[in-house]
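Colleague: Got a predicted structure here, sequence first:
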Amino acid sequence: MRRFYEMLPGILAWSTLVLIVIISRFAPLFAAVFIILFDTYWLLKTVYLSLHLRITFNKMRQNMKINWLEKLKESDKNWQDIYHLVIFPMYKEPYQIVKETFDALVKNNYPLKKFIVVLALEDRAGEEPKETARKIEEEFGNKFFKFLITVHPADLSGEIPGKGSNESWAAQQVKEKIIDSLNIPYENILVSVFDIDTQISPEFFGILTYNFITCKHPQRSSFQPIPLFINNIYQAPALARVISFSSSFWHMIQQARPHRLTTFSSHSMPFKALVDIGFWNKDIVSEDSQIFWQCYIHYDGDWRVVPINYPVSMDSNVAPTFWETMKNQYRQQRRWAWGGCENIPYLLTGFNKNKTIPKSKKWTWGFNYIEGFHSWATNMIIIFTLGWLPILIGGTNFRFSLLSYSLPKVTSYIMDLAMIGIVSSAIFSIILLPPKPKWFKKWHYFLYAVQWLLTPITLIIFGSIPALDAQTRGILGGKYKLGFWVTPKHR
């Protein structure tokens, strides 16, 4: 069954696309009506998601104006007992990127003596990252309560090289060497895992701590910030900028839908829960999202993600040349989409074994999660390419019918109305731009707005196709399965 679940996303995606082709050939009238209804559904969904984007955007900007440390001091909660364990998994990233990350960390408006910081290296990365780590320790190590460098051994049994295995090794090392030796209660520790390019906004740990001590279930919750892929946005070509902002906006939308929110990339959780579940799984690619399902199944459905509506900034996927950037963008999107082929088998298998989780929760989460990955792989292909199929292959009788004549006009009109989502994205992307470099002129704002006309290309070539690629690999299995691909960082 686990192997079938691994194949399920790809089976559903390809079945949908093939079925639409067959119906367009043999029942073009039905296919045309379906396409019009589907486009109308997409228009309504665009409006719905645009409203959620606006809600989160406003909350985020409001939260960024608050001094959260002062808010903690004014509360009646004992926040001073909370320690923050911060883990930065690192591979071969250059010193400058790592330094920028730590520069941002020490500027946080929060007592640094409550931080246990771990720089988690990979032994297989060679000596250069170790030299980088030594420089970081010399410059920043004495600013925190504790600072630790860990080196994850290569080729350990039962592991695949990647973030999950490195993070698990680092967390166990810090547990043994620092937390247990100092007898720090696990319940008083929040662990945050950040990609090495993640630059923490000044009030992040204040709002994180505030959410932890005020939420209803602090020991049964993860905490998710908004990843904004903007650190090097001015170095990115237009296509890469649109992809980066689109990803950021999707995660903003998810913050307004906590019932569908799972952990992604940079996130935080109670250390006690991490110990209870045995740390991150070491044989997967998508450890950042699967940690949610590990907790959800372990605690019989008593787990949720608390959206904190506050940003952290990360790198846009940029390489030295345009074509390298495009290749890396594709690989990154495919790796993210591979999460469906790993997490769907894990959660469905776990649901089958766990009889305590209510069936309503199993059905709701199962449907939403599978539907999300299915939509990722198929929706844009249906909207932008298959809409013409009934006319092309539906036969002479349909081709000369009134509906055949009207179909392109109706679908085009509906898609024009759906431009509201692109307009909203263009406006928000300009507002979220980081401080402008000297070369940035007023006319650049126009270019940064019209770049959103590239959205159909990004949604298909860097959306549906890599998702369909990943899900097809789930069907094939074996040597076609994806390993962990480290996104190269470039300045």
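Modeller: Everything's here; your move.
Colleague: Make sure Val117 is indeed in a strand.
Modeller: Yes: counting by DSSP: H, G, I helix; E, B strand; the rest coil, Val117 is part of a strand.
Colleague: hey, what's it bridged with?
Modeller: Val86, Phe147 (DSSP bridges).
Colleague: isn't it right next to Phe144, touching?
Modeller: Yes: proximity of Val117 to Phe144 meets the contact threshold set by C-beta atoms under 8 Å, at 4.9 Å. (Each C-beta comes from the backbone N, C-alpha and C, glycine too.)
Colleague: Between the two, which has more neighbouring residues?
Modeller: Per other C-beta atoms under 10 Å, whichever of Val117 and Phe144 has more neighbours is Val117, with 26 against 19.
Colleague: tell me the pLDDT at the more buried one?
Modeller: On the pLDDT scale, Val117 is placed at 97.
Colleague: ditto for Ser265
Modeller: With respect to pLDDT, Ser265 scores 89.
Colleague: cool, and Pro307?
Modeller: pLDDT for Pro307: 97.
Colleague: Could you do Phe351 as well?
Modeller: The per-residue pLDDT reported for Phe351 equals 96.
Colleague: so what's it up against?
Modeller: 297, 357, 362, 366 (C-beta atoms under 8 Å, 6 or more residues apart in numbering).
Colleague: what about 10 Å?
Modeller: For Phe351, the contacting residues are 293, 296-297, 301, 357, 359, 361-363, 365-366, by C-beta atoms under 10 Å, 6 or more residues apart in numbering.
Colleague: For the stretch 101-250 of the chain, which segments count as helices?
Modeller: For the stretch 101-250 of the chain, the helices defined by DSSP state H, counting those that start in this stretch cover 128-140, 163-174, 204-214, 238-255.
Colleague: In terms of secondary structure, what does the longest one contact?
Modeller: Helices and strands touching helix 238-255, by 3 or more C-beta pairs under 10 Å, 6 or more residues apart in numbering; DSSP states H and E, are helix 28-63, strand 221-229, strand 304-314, helix 322-353, helix 419-431, helix 442-450, helix 455-459.
Colleague: right, so of the ones you listed, which gets closest to Asp195?
Modeller: Asp195 lies closest, by C-beta to C-beta, to one member of the helices and strands packed on helix 238-255: strand 304-314, at 6.1 Å.
Colleague: Show the contacting residues for Trp79.
Modeller: By C-beta under 10 Å, 6+ apart, the residues touching Trp79 are 69, 71-73, 110, 114, 206, 209-210, 212-214.
Colleague: and the contacts of Phe351, which are buried?
Modeller: Neighbour counting with 16 or more other C-beta atoms under 10 Å marks 293, 296-297, 301, 357, 362, 365 as buried within these.
Colleague: picking that back up, now the helices of the stretch 101-250 of the chain in CSV, with mean pLDDT, distance to Leu44 and mean neighbour count?
Modeller: CSV is the format used below for the helices of the stretch 101-250 of the chain (pLDDT from 0 to 100; distance: least, C-beta to C-beta, whole Å; neighbours: other C-beta atoms under 10 Å):
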stretch, mean pLDDT, distance to Leu44, mean neighbour count
helix 128-140, 95, 49, 16
helix 163-174, 94, 37, 23
helix 204-214, 96, 32, 22
helix 238-255, 95, 15, 23
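Colleague: Could I get the phi/psi values of Ile160?
Modeller: The phi and psi values for Ile160, taken as degrees, to the nearest 10, are phi -110, psi 140.
Colleague: What is the neighbour count of Leu182?
Modeller: 11.
Colleague: likewise the one 10 residues further on?
Modeller: Using other C-beta under 10 Å, Ser192 has 23 neighbouring residues.
Colleague: now swap in Tyr299 and tell me
Modeller: Per other C-beta under 10 Å, the neighbour tally for Tyr299 reads 18.
Colleague: what sits against the residue lying closest to it once chain neighbours are set aside?
Modeller: In this structure, Tyr299 finds its nearest non-sequential neighbour in Arg220, 6.0 Å apart by C-beta to C-beta, 6 or more residues apart in numbering. By C-beta under 10 Å, 6+ apart, the contact set of Arg220 is 269-270, 273, 295-296, 299, 302-304.
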